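1. model the structure of this input:
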Amino acid sequence: MHHNSSLVRARITRFFEERVNPATYRASASLELTAWEVPDEPVSFAEAVGHEFEPFSIGSPWGKPWGTTWFHVTGVVPTEWAGREGEVELVVDLGFLSGQAGFQAEGLVFDTSGRILKALEPFNNHVPLSAGPGDPIDVYIEAASNPDVGSDWSFRPTPVGDKATAGTEPIYRLRRVDVALRDTEVWELRMDVWTLTGLMNELSPELPRTAEILRALEAVVDVMDPDDISGTAGAGRAILAPVLAKPAYASAHRVVAVGHAHIDSAWLWPIRETIRKCARTFSNVLDLMDRDPGFVFAASSAQQYAWMKEHYPELFERIRERVLEGRFVPVGGMWVESDTNMPGGEALARQLIAGKNFFMREFGIEPVEVWLPDSFGYSAAFPQIAVASGARYFLTQKTSWNETNTMPHHTFSWEGIDGSRIFTHFPPVDTYNSVLSGEELARAQRQYAEKGASNVSLVPFGFGDGGGGPTREMLAAARRTASLEGSPTVTVAAPSAFFEEAERDYPNPPVWSGELYLEFHRGTYTSQAGTKRGNRRSEHLLKEAELWATTAAIRTGAEYPYARLSELWHEVLLLQFHDILPGSSIAWVHRAAEESYARIAERLEEIIADAIAALGGSGRAGDAVVFNASPFAVSGVPAMSAGRAQAVGTVRGEQTSDGIVLESARVRVTVDADGLISSLVDRASGRDAIPAGHRGNVLQLFRDTPTQWDAWDIDEHYQRSGTELREAESVELISDDHGRPIVRIRRRFGASTVAQDLRLAPDEPALEIETTVDWHEKQKLLKLAFPVDVHADRAASEVQFGHVQRPTHVNTSWDAARFETCAHRWVHVAEPGFGVTVANDSTYGHDITRVAGPRGGTVTQVRQSLLRAPLFPDPQSDQGQHRLTTSIAVGADVLDAAREGYRLNLPPRAVDGANEVEPLVASDRPSIIVETVKLAEDHSGDLVVRLYEARGARASGTVTIGCEVSGVEETDLLERPIGRADALVGRRGSSVDLILRPFQLVTLRIARGGSASPQ
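-> The predicted structure is shown next:
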């Protein structure tokens, strides 16, 4: 046989593109249109239909950026369609662009009663109508003119990410609003051909199966009449039927396909638009469920369900019905699909507590899988937090984006810092937006790393990021590949079906220990510093508010603000979404986030003030009492109590020939004429933390032009283009309001200025550096560097409920790829007996390396990433004023670092005329840190205490409760008894004895005297 396959393939492609695809609809007819443009923000259906609609014609422009236009569509199904086979549908083209679904215009269709029918998307632009010939059509379309901010991924700056700069001219042109008669036989033929073509393109050309498919498709083209596609489609399908009927190989890879729509809670659109995206996507899903009884869909993020309950209650009730059937499946158990690198430990726990509580309250369902397909790396602390919430499984695929190294497993057990393990799956299909194409299914089978040990993987399918979800075309592909020779088998099912099968097939999977570091998107630890500062401050204000409100409720009977705290937690958790906190959203999102943080802070300060007032009583006027919310004593005030501070030591400053010297009882610091630290001496040991010939407090400016993904990425090549900002406009010794010395430094570079205040913390071994930057650079990275005279082969970085140790060398490709890392409040580098902490109040990005020492050997360089200035998606990212606080402190132990981190982030409050307050909870072991004190979620009045072991070593200790105790139980994060003694080993009255393994997280539920026992 002559080989002419390339010509045959071209012939098949052209025939279907030019002849078959346009024949999908037998007939169509135009409809009558009127429109009303919403002046500003979206309005409800009830409000919209009360306005006067004006005539509107096809071909007219509509929709300013971020606008909303309501179209009223009326007409009649043509009577001449009587007796013709097909399905009547509304077909709409809002002027869709060639980009991705979810990144452009979208619509939501309502009937005249306000009931949602279905959404309109670029690749899903039909609405089935239950109307026959002669029946009237009367629907409304809420059309959203969302601009395409950048789905071509050219990363060019654009003004359309903010309504204030996006313009007001229409950006779409309405192309089509018709009633149409779909030819189901032609449509089914298209689905047959799409599936077989996709499979053929993935099979080896030498296989008989490849030739069989090719010749069958060629025969279809031969038999069909190009002038009568509808009449000959059946003959074409008959040729393909036996080819589609051949079953899959017995050893074929098994795919569990889960309907899915990854809906970013904000990204290249604001939160208000996400709410509408959820309604559009979920209405598509419900419509598919009405038509396909085998369709199963999984959706994460309790916040998105809560939005539906609030804004679309009728739609929410329809969702509830399908949830109870087991077809609309809540997954993930989190409030949102959050970032996991930067949220604090309690915040990450609350993501799961809030999410699971919502799903159990609304549906009686507790998701057991954590579902985070798109977050930018995963903290080593997360397995313990997930397991403590009752989760059994974890899913992501984001590490397939690694630039350097390929993860060696797709199904494995992930071990966290405390030794907790969770069964984990990375879908080898390498996407969470599959369309179930032949290419994707073949990739899942080809890349699956566990071949020979297991043979099943999960494929999430459906348009995502901007929503949309699965389509009828995807479900048609699933039916055809259920068992098809040459293809993996496909079963549409819930995630639980996959995890149960995978766990059963693979009882002893390999173990990956430690963080799942994403070798990509390293800039997200730094972008949008204002958003990050708001998050850090909110987390610590929430801690304070809960502590003092709980203490006031128990000690004075004050009302505990359950509802207010819950609402504020939900706001903070939403803003930890993996495109908000990382700084990768449009300007509108970050401006709104910072406004939200300001409101959150104001409301939390009110709660704190009310609680302190309730606790304070009538102390002596002019006699200040210090409220210390830290789990460490501060200025002689015990942890989590209020008392009178001890007299602080003196700090003196003087000008010397070596520079300005600041000195306290703990440290002596010399600042040279350039405002750089030339010496930082621990007075107890006499050891200088700054290497001879080196300088600390060095601001460094780098070119920051990543290859792609501007706001997301810091690329390794930035290191080759740095400048040290050593020249100072002024360096002067001044005094603060209390007469304490401060070194004030001013610098100017580019279009920006920097002012730094250096001061010693009285009675602390720490130098505080307050850096105020008026930042007007573009595509630059500002770092703050401290060379430290310590030979450290690894560095400790704080994560949730503990810390991780990362190498400072680059021996392996994994080490080299980890050139920018995330830390919370502190990093610590040490030799035996001596260490240095660099702490912060709002910075997350760090790099820690070794550099050559002045007399041989190496010294350790610690750098904080303070600011960036990417141009996409927010061209004004980070411009303006920023205030960041850093401290450098000497201390041999990581507990010294932990103490410094809390000191910087939980400053004590001096309250005039208040009474002293004994701690409600006290730990007698410094390494057993009490993180959270609150009242129980069920409003029972029980006290809940969350604590963890912080050093990374086994610890035993006693926690004393400052109230009458009738019972103590160890619980999971959801405050349910765990049914076994783990850390809790005994109770003596109000004292609880504990033994904790390294980094163990423990939640205690304490029934107070006179209250009911924990349930």
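
2. which residue comes closest to residue 556 once chain neighbours are left out?
-> Leaving aside its sequence neighbours, residue 556 sits nearest to residue 614 (Cβ to Cβ, 6 or more residues apart in numbering; 4.9 Å). Heads up, the C-betas are built off the backbone N, CA and C, glycines and all.

3. give me every residue that touches that neighbour.
-> 552, 556, 558 (Cβ atoms under 8 Å, 6 or more residues apart in numbering).

4. out of the residues you listed, which end up buried?
-> By neighbour count, with 16 or more other Cβ atoms under 10 Å, those hold 552, 558 as buried.

5. which ones among the contacts of residue 614 map onto strands?
-> Using DSSP state E, no member of the contacts of residue 614 falls within strands.

6. JSON lines please, covering the contacts of residue 614 and showing pLDDT and distance to residue 948.
-> JSON lines is the format used below for those (pLDDT from 0 to 100; distance: Cβ to Cβ, whole Å):
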{"residue": "552", "pLDDT": "97", "distance to residue 948": "25"}
{"residue": "556", "pLDDT": "95", "distance to residue 948": "29"}
{"residue": "558", "pLDDT": "97", "distance to residue 948": "28"}
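
7. the contacts of residue 614 in helices, which ones?
-> 552, 556 (DSSP state H).

8. among the contacts of residue 614, which one lies nearest to residue 419?
-> Residue 419 lies nearest to residue 552 out of the contacts of residue 614, by Cβ to Cβ, at 37.7 Å.

9. hang on, the closest one packs against residue 545?
-> No - assessed by Cβ atoms under 8 Å, residue 552 is found out of contact with residue 545, at 10.6 Å.

10. what do those two both touch?
-> What both residue 552 and residue 545 touch, as defined by Cβ under 8 Å, 6+ apart, is the set residue 611.

11. about what we covered before: export the contacts of residue 614 to a markdown table and append columns for distance to residue 690.
-> Below are the contacts of residue 614 laid out as a markdown table (distance: Cβ to Cβ, whole Å):
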| residue | distance to residue 690 |
| --- | --- |
| 552 | 45 |
| 556 | 49 |
| 558 | 49 |
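
12. what pLDDT does the model give the residue nearest to residue 556?
-> In this model, residue 614 is scored at 94, pLDDT.

13. what distance do you get for it to residue 563?
-> As for residue 614, its distance to residue 563 is 18 Å (criterion: Cβ to Cβ, to the nearest Å).

14. for the contacts of residue 614, which one is nearest residue 707?
-> Distances from residue 707 to those, taken by Cβ to Cβ, are shortest for residue 552, at 53.7 Å.

15. three-state assignment of the residue nearest to residue 556?
-> helix (DSSP: H, G, I helix; E, B strand; the rest coil).

16. list the buried residues of the worst-scoring helix or strand of the chain on mean pLDDT.
-> In the chain, no helix or strand scores lower on mean pLDDT, DSSP states H and E than strand 984-988, which sits at a mean of 87. Going by neighbour count (16+ other Cβ under 10 Å), the buried part of strand 984-988 is 984, 987.

17. isn't residue 328 up against residue 295?
-> No - judged on Cβ under 8 Å, residue 328 makes no contact with residue 295 at a distance of 9.6 Å.

18. these two - which one has more neighbours?
-> Per other Cβ atoms under 10 Å, whichever of residue 328 and residue 295 has more neighbours is residue 328, with 25 against 20.

19. can you tell me the element the closest residue to the more buried one other than its chain neighbours falls in?
-> Nearest-residue entry for residue 328: residue 322, 3.6 Å, with adjacent residues in sequence omitted and distances by Cβ to Cβ, 6+ apart. Here residue 322, judged by DSSP states H and E, is contained in helix 313-325.

20. again with residue 387
-> helix 382-388.

21. dump the C-alpha coordinates for that helix into PDB.
-> The C-alpha trace of helix 382-388 is given here as PDB (Å, rounded to 0.1, in the frame of the first residue of the first chain):
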ATOM      1  CA  PHE A 382       0.900  21.100  56.000                       C
ATOM      2  CA  PRO A 383       0.600  17.300  56.300                       C
ATOM      3  CA  GLN A 384       0.200  17.500  60.100                       C
ATOM      4  CA  ILE A 385      -2.300  20.300  59.800                       C
ATOM      5  CA  ALA A 386      -4.300  18.400  57.200                       C
ATOM      6  CA  VAL A 387      -4.300  15.200  59.200                       C
ATOM      7  CA  ALA A 388      -5.200  17.000  62.300                       C
END
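
22. so what does it touch, helix or strand wise?
-> Here helix 382-388 touches helix 345-363, strand 393-395, strand 421-425, strand 1001-1008, going by 3 or more Cβ pairs under 8 Å, 6 or more residues apart in numbering; DSSP states H and E.
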